[in-house]
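Asker: For reference, the sequence and a predicted model appear below.
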Amino acid sequence: RMMNGLKDGLDYYNDNYTPYQHRQARIIEFPRTGGGFAQAFPNTIPFSEAIGFIADVDDEDKDAVDYPFSITAHELAHQWWAHQVIGANAKGATLLSESLSEYSSLKVLEKTNGKEQMRKFLKDAMDGYLMGRTVEQIKENPLMYNENQQYIHYQKGSLVLYAMSDYLGDEKFNAVIKRFAEKHQFKGAPYPVATEFVDDIKAVTPDSLQYLISDMFETITLYNNKVKDATYQELPNGKFLVTLDAQVIKYRSNEKGKSVYKNIAGDSLTFTPEGKTKALQSLPLADYIEVGVF
C-alpha cells in the first residue's frame, strides 16, 4: 500500500505539477519509540513502524480509508510543497505546505480508489475541523492567515482546496498550482506567501464564484443548513420531481467564535418562520448549495 502511494503519487504529481527533482523516492522505517508519524526529507520519507506497516485496511468496508496509501502520498507531495516551493515564515505558510500536500494526496486517492472513498475522508476532515475549532485556546484564523494550526491547515485546508478543484475543475485548478510551483520552485528569498497563491486562484475564478475566495480563504464562514421537509412525485417519464423545504443560514465567525450575520456593508437577511417569534438571520445569499437526494 505504501509503495503504491509512492508510485501513484509520482505519476500524478509529475503529470499535474512539475518534474520530480530526485532519482529515487524511498521509505525508511524507524521504531515506534521514536514516535508514530511520517515525515518528508529530500527523496526520503522516515515512516514509523507504528503506522502504515501495521495497518489493517479492510477493502470490503466501503467506509474504510486506505490511510497507509494516503499518508505516503501526502509525504511524497512534500517533495513539491515545502521542498520545491517553500513559503515565507509568515501567517498562512502552512497553506503552501501542509494544505497543498493534503490536497495532492486526496487527488491521488481519488484517482486510484474513486470518489466514494473521498466522501468518507472529507467527512472525517469536516468533523476534525469543527471539533478543532471548539477547543481552540487562542484564536481561530482564516485559512490563508493560519498560524500553524493543524485543524485549519490539514482538515480545513483539504476541504477548501478539494472544493475549489470541484468548483473550477481539476484541470483549471491544477494549472494554477503548476504555475505557482514553476514560478517559485528552488528559489531563495523573497519567499512566497499564502496571499499570492490565493490571488492566483482568484484570477481564474469566475465572478459567480468569487464569494468562495472570501468565504473559504479570507474569512471564517460557516453554514447552518437543514432540510425541514421533503416530498417527491413520480413523473410519467420515469423521473421524479423532488420538493424540498430547506433552511439555509450562512454566517461568519470572529476569532473568538462569535457568529456574525452582517457583511462589511451591514447587510443581512432575516426570516421569521411561521409560528415563531424569533427571526432567523443570515448573511446575504447568492451561493451554490449542493443537495444530495438518496
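Answerer: Alright, I've got the coordinates.
Asker: Helices of the stretch 101-250 of the chain, start to end?
Answerer: Taking DSSP state H, counting those that start in this stretch, the helices of the stretch 101-250 of the chain run over residues 115-134, 150, 157-168, 170-184, 194-203, 210-213.
Asker: most tightly surrounded among those helices?
Answerer: Mean neighbour count (mean count of other CB atoms under 10 Å) peaks for helix 157-168 among the helices of the stretch 101-250 of the chain, with a mean of 21. For every residue, glycine as well, the C-beta is placed using N, CA and C.
Asker: Name the residues that touch that helix?
Answerer: Helix 157-168 is contacted from outside by 94-95, 98-100, 102-103, 106-107, 118, 122, 125-126, 129, 143, 173-174, 201, 204-205, 209, 212, 216-217, 288, using CB atoms under 8 Å, 6 or more residues apart in numbering.
Asker: tell me the mean pLDDT over it?
Answerer: Averaging pLDDT along helix 157-168 gives 97.
Asker: What angle do helix 170-184 and it make with each other?
Answerer: Here the directions of helix 157-168 and helix 170-184 differ by 120 degrees (axes from the mean of the first three to the mean of the last three CA atoms, to 10 degrees).
Asker: What values do phi and psi take at the closest residue to residue 38 other than its chain neighbours?
Answerer: Distance criterion CB to CB, 6 or more residues apart in numbering; nearest residue to residue 38, sequence neighbours excluded, is residue 47 at 4.4 Å. Dihedral pair for residue 47: phi -140, psi 120, per degrees, to the nearest 10.
Asker: mind checking pLDDT for residue 47?
Answerer: Note on residue 47: pLDDT of 96.
Asker: Might you report the residue contacts of residue 255?
Answerer: Shown in contact with residue 255 (CB under 8 Å, 6+ apart): 139-141, 220.
Asker: Show me which of those are buried.
Answerer: 140-141, 220 (16 or more other CB atoms under 10 Å).
Asker: Can you tell me which of those residues is nearest residue 262?
Answerer: Using CB to CB, residue 220 comes nearest to residue 262 of those, at 14.7 Å.
Asker: and the residue nearest to that closest one when sequence neighbours are not counted, bridged to which residues?
Answerer: Residue nearest to residue 220 in three dimensions, not counting chain neighbours: residue 253, with 4.3 Å by CB to CB, 6+ apart. For residue 253, the beta-bridge partners are residue 259 (DSSP bridges).
Asker: OK, contacts around residue 253?
Answerer: Neighbouring residues of residue 253 by CB under 8 Å, 6+ apart: 133, 140, 220-222, 259-260.
Asker: before we move on, the earlier item: can you name the residues bridging to the residue nearest to residue 38?
Answerer: Beta-bridge partners, per DSSP bridges, of residue 47: residue 29, residue 38.
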